[in-house]
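>>> sequence and predicted structure, then a few things I'm wondering about:
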Amino acid sequence: MKINPRQTRRSARRRLVAGAGAMVLGGGTVFGVVFAGEPAHAAGTVTVKDIVLGVGANETQRYVTWYADAGTDSVVRLEKTAKLTEAGGFDSHAVDYTAAVTPTTGSSGGDVGRFPYRGSALLDTLSANTSYTYEVLAADGSASKTFTFTTGNFGLGRGFEFAAFGDPQLGADSNQNSLSTSPDLKEDAAGWADTLNALQSDASDDNLPLELLTSTGDQIETANVESQWDAWFAPDQLRTTPYAAAIGNHDSSDLGYRYHFSLPNNDVTTPELQTTAGGDYWYTYKGVLFVVINSNAQSSVKDPAHMSFVEMAVKANPTALWRVVSYHHAIYSPAAHANDTDNAARRPTYTQRLSELGINLVLQGHDHSYSRSYVLQNDGSGADRQNPAEAAAANTVAPGPGGVIYVTTNSASGSKYYALTEPKAGTTSDATHNGKYTVQTMPWAPAAGGTHALHWANSVENQDNVRTYLKVAVTANKLKVTNVVAGVCDYPNKYTTQGVGSWCGAQQATTVLSDNDGTSGFTRNTPKAGTPRYPSNNDPAADKYTTTSGVAPVGALQDSVTIVKRDED
Ligand SMILES: [Fe+2]
């Protein structure tokens, strides 16, 4: 089933439907918009929710996608913000983009609470450096809240920034994950929202605009539980900055992802690329080619099929300045999944073809931890460091042809972190690459007073058990990749506040977490005894923790590397 919204548009013939919709917080975290009907019409009765602004095929386009409780004909009404009425309303300058409103039929897992319809419209022929305001408008006069986005330059210009989020996985490990009232889900949702709020406060600011949000998968815990999707969609940043999602293993087994997102150049038919959630897609943004593949479809036949998709996208965009590939299952990572057999199985095919195709940067998820590889190259005999002399944690690298950097993104919500693992001798993820390299070590993690050996492919590994996100600053000759601290040990960070983990912070054994109500605290290595009182968004007396030392502030950089383009590239 190809979801391919119609792209026609028509001029606005109706006056603005007055009034922004009222926001309804069903179950505490559910984002919803109840349309406010225009008085001249019968009261609008259509309810929509989970509106998301998505990437189009290039920077001149955006998708808008949503869920609706009725199949009423709808449009996305769009107007240059500067042309709105003084009161901020739409007028004759507005353009209506006809939406495809289609049933959300089909189920592989029970579709818990899915709305019966989805709506989608492609906004095209946008202008550069323009602020636009839009709403979802149904034929009965029901209208959503309005949201605004800005296009920026077309073409690279001075450059731009994009963010990548790993595994928000709202509801992770919750024993009540089908309930929107779950305290686990509430805290995960609060962490996710807090990370999005932290985006503009980081120290990696290169005075470039943040224009694009991307993911490495696992938006939520359970693919068919709509209360989790509702919580994920709650932050308004998802309606004002385009988002490009990848399919994680937790998104993969049901139709929620497929219905919630409209994707450009989306292959939903080639069997080798598919899982229930969808397949592979690509888009360009200001000279950067982004290819997003569904690594959940994995076998000795499917892995080459994904690489053929990447090749097709590369060949379709011969003038791309940079090439970025994203997928969920990290093939080089530092924690629980580093030694997984399925990831080992992906490595030979992925690394060979990604090197051959001139991919610069690979963004991965799934391991709920952070790593940045050395510049790796597969020359046909297996992946290796392209420059054996590259220093660990080098802040600048200049890859030659075939050199690829693989980054694993840590949790963007605090819902779950995995401890760093020690490399297994004699495996492709070991510390020395079969004796070729000396072991690189870092102190403190994962055991107090001990040391940790890095997997041979990784230049940097990190697990502070705090939320982070990746930010990439793009200019013509540099990609600056930074991992940015988005939260501290305090709420919202379920891992510490609910006693899931035993420590938090950058300096193990020196961090003391103080309980906010003064009843107790715990050190980084000693979790609080007993059952924590679950925090919620509205419970100031619940167990929440603050730290006095050992934790980097929000906006601090955990890691930074600048990838310099060589002249011959
Ligand atoms: Fe995962």
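Looks like it arrived, so ask away. As the structure is a prediction and not an experimental result, all values here were calculated from the model. Residues are numbered from 1 along each chain as shown.

>>> at the geometric centre of this structure, which residue sits there?
When Cα atoms, centre = their mean is applied to the chain, the residue found nearest the centroid is Ser215 (2.3 Å).

>>> Ala246 reaches Asn296, doesn't it?
No - with contact defined as Cβ atoms under 8 Å, Ala246 does not reach Asn296; the gap is 9.8 Å. In short, each C-beta sits where N, CA and C put it, glycine included.

>>> mutual contacts of the two, please.
By Cβ atoms under 8 Å, 6 or more residues apart in numbering, Ala246 and Asn296 have these common neighbours: His328.

>>> residue in this protein nearest to the ion?
Proximity of the chain to the ion (Cβ to the ion) peaks at His366, 3.8 Å away.

>>> check that residue and give its pLDDT.
Note on His366: pLDDT of 98.

>>> okay, now it: neighbour count?
29 (other Cβ atoms under 10 Å).

>>> who's in contact with it?
Taking Cβ under 8 Å, 6+ apart, we find His366 in contact with Asp167, Thr216, Gly217, Asp218, Gly248, Asn249, His328, His329, Ala330, Ser333, His337, Thr408.

>>> mind checking which of these are in strands?
Members of the contacts of His366 lying in strands (criterion: DSSP state E): His328, His329, Thr408.

>>> what sits against the second one?
Right, His329. Here His329 is in contact with Asn249, Ser295, Asn296, Gln298, His337, Asp340, Asp342, Asn343, Arg346, Gln364, Gly365, His366 (Cβ under 8 Å, 6+ apart).

>>> not counting its neighbours along the chain, what's nearest the third one?
Just to be clear, that refers to Asn296. What sits nearest to Asn296 in space, not counting adjacent residues and going by Cβ to Cβ, 6 or more residues apart in numbering, is Ser252, at 4.1 Å.

>>> Three-state assignment for Ile563, please.
strand (DSSP: H, G, I helix; E, B strand; the rest coil).

>>> quick check: bridge partners of it?
Val397, Leu479 (DSSP bridges).

>>> low-confidence ranges, the stretch 51-200 of the chain, go.
Filtered on pLDDT under 70, the stretch 51-200 of the chain yields the residue ranges 107-111, 174-183.

>>> how about the strands in it?
62-68, 74-80, 95-98, 100-103, 117-123, 131-138, 147-150, 160-165 (DSSP state E, counting those that start in this stretch).

>>> would JSON lines of these with mean neighbour count and distance to Ser373 be doable?
Output for these, formatted as JSON lines (neighbours: other Cβ atoms under 10 Å; distance: least, Cβ to Cβ, whole Å):
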{"stretch": "strand 62-68", "mean neighbour count": "25", "distance to Ser373": "32"}
{"stretch": "strand 74-80", "mean neighbour count": "23", "distance to Ser373": "41"}
{"stretch": "strand 95-98", "mean neighbour count": "20", "distance to Ser373": "42"}
{"stretch": "strand 100-103", "mean neighbour count": "16", "distance to Ser373": "41"}
{"stretch": "strand 117-123", "mean neighbour count": "25", "distance to Ser373": "36"}
{"stretch": "strand 131-138", "mean neighbour count": "23", "distance to Ser373": "38"}
{"stretch": "strand 147-150", "mean neighbour count": "16", "distance to Ser373": "34"}
{"stretch": "strand 160-165", "mean neighbour count": "25", "distance to Ser373": "15"}
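
>>> circling back to that earlier point, make JSON lines out of the ones in strands among the contacts of His366 and add distance to the ion and pLDDT.
Listed next are these as JSON lines, based on distance: Cβ to the ion, whole Å; pLDDT from 0 to 100:
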{"residue": "His328", "distance to the ion": "6", "pLDDT": "98"}
{"residue": "His329", "distance to the ion": "7", "pLDDT": "98"}
{"residue": "Thr408", "distance to the ion": "11", "pLDDT": "98"}
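
>>> between those residues, which sits nearest Gly54?
Nearest to Gly54, judged by Cβ to Cβ, of the ones in strands among the contacts of His366 is His328 at 18.1 Å.

>>> how long is stretch 65-74 end to end?
Taking Cα to Cα, to the nearest Å, stretch 65-74 runs 11 Å from one end to the other.

>>> start and end of stretch 437-456, how far apart?
7 Å.

>>> again, but for stretch 404-424
Calculated as Cα to Cα, the first-to-last residue distance of stretch 404-424 is 23 Å.

>>> ok, and for that stretch, which residues are buried?
For stretch 404-424, burial by neighbour count (16 or more other Cβ atoms under 10 Å) applies to 404-423.

>>> that older thread, can I get the strands of the stretch 51-200 of the chain in a markdown table with distance to the ion?
Below are the strands of the stretch 51-200 of the chain laid out as a markdown table (distance: least, Cβ to the ion, whole Å):
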| stretch | distance to the ion |
| --- | --- |
| strand 62-68 | 23 |
| strand 74-80 | 32 |
| strand 95-98 | 34 |
| strand 100-103 | 29 |
| strand 117-123 | 25 |
| strand 131-138 | 31 |
| strand 147-150 | 29 |
| strand 160-165 | 13 |
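
>>> Throw these into TSV and include distance to Thr428, thanks.
Formatted as TSV, the strands of the stretch 51-200 of the chain follow (distance: least, Cβ to Cβ, whole Å):
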stretch	distance to Thr428
strand 62-68	39
strand 74-80	48
strand 95-98	49
strand 100-103	44
strand 117-123	42
strand 131-138	48
strand 147-150	43
strand 160-165	25
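
>>> Ala305: neighbour count?
Neighbours around Ala305, by other Cβ under 10 Å: 20.

>>> isn't it up against Glu272?
Yes - at 3.5 Å, Ala305 counts as touching Glu272 under the criterion of Cβ under 8 Å.

>>> anything in contact with each of the two?
Ala297.

>>> circling back: what's the PyMOL line that selects buried ones from the contacts of His366?
Remark: buried members of the contacts of His366, expressed as a PyMOL selection using 16+ other Cβ under 10 Å:
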select buried, resi 167+216+217+218+248+249+328+329+330+333+337+408
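
>>> would you mind listing what in the stretch 351-500 of the chain touches the ion?
His366 (Cβ under 5 Å from the ion).

>>> now do the strands in the stretch 351-500 of the chain.
Counting by DSSP E, counting those that start in this stretch, the strands of the stretch 351-500 of the chain are 361-365, 370-373, 376-378, 383-385, 396-397, 405-408, 441-443, 451-453, 458-462, 468-474, 478-485.

>>> which stretch in those strands has the least confidence?
strand 441-443 (a mean of 85).

>>> nice, that's everything, thank you.
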